[in-house]
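Asker: Here is a sequence together with a model predicted from it:
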Amino acid sequence: MSIEIVEYNGTKYAEIIWATEKVEKTTFFSPADSSFQFGLLAHNAGFVEPPHFHKPVERTISDLQQMFVVQRGVVVVDLYSDEGDLLREIEMHAGDAIVLIHGVHAIRVLEDMQCISVKQGPYLGEAEDKVFVEVKK
């Protein structure tokens, strides 16, 4: 499976695009109403997109999603339910991408890694960004 959605009790926790996914044209996998759009851009050689900018539209976003793309190394993303139960251990390698949509998550680095990380801004500092929680062992 090259695209994977991790859900629990009807709530979407994450979307994963595995490095093996291939698309013929630009495809977004997130629902249009999601505050974070996650997909793949693909065009044939010779394609030229005209110069453009994106319209400034005021948006109200109450969730904070995070995406990362593994560039090198191996990292495991642990996803937890709202009750602190471990739902999934997702081992990611170079080229794999994940958007963390809901719930508690943690990462464990198995091999020295580097990821591109994207989160909605503005960044308000760690005290406003992260809530550390106890999870079940």
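Answerer: Everything's here; your move. Numbers count the residues shown, from 1 in each chain.
Asker: so how far does stretch 98-108 reach from one end to the other?
Answerer: With C-alpha to C-alpha, to the nearest Å as the measure, stretch 98-108 spans 15 Å from end to end.
Asker: What are the buried residues along it?
Answerer: Of all the residues in stretch 98-108, those buried under the rule 16 or more other C-beta atoms under 10 Å are 98, 99, 100, 101, 102, 103, 104, 105. The way it works is simple: take the backbone N, C-alpha and C, and place the C-beta from them, glycine included.
Asker: Any idea how far that stretch is from the middle of the chain?
Answerer: 8 Å (C-alpha atoms, centre = their mean, to the nearest Å).
Asker: Can you pull out the residues in contact with it?
Answerer: Applying C-beta atoms under 8 Å, 6 or more residues apart in numbering, the contact partners of stretch 98-108 are 8, 11-17, 30, 34, 36, 38, 63, 65-68, 75-82, 84, 87, 90, 92, 133, 135.
Asker: send the alpha carbons of stretch 10-22 over as CSV?
Answerer: Only the C-alpha atoms of stretch 10-22 are listed here, as CSV (Å, rounded to 0.1, in the frame of the first residue of the first chain):
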residue,chain,number,x,y,z
GLY,A,10,-13.6,7.1,13.4
THR,A,11,-10.9,9.7,14.0
LYS,A,12,-8.1,10.2,11.5
TYR,A,13,-4.7,10.2,13.2
ALA,A,14,-2.3,10.3,10.2
GLU,A,15,-1.9,10.0,6.5
ILE,A,16,1.2,8.3,5.1
ILE,A,17,2.6,8.5,1.6
TRP,A,18,5.1,5.7,1.2
ALA,A,19,8.2,6.4,-1.0
THR,A,20,6.9,3.8,-3.5
GLU,A,21,3.8,5.8,-4.4
LYS,A,22,3.6,6.9,-8.0
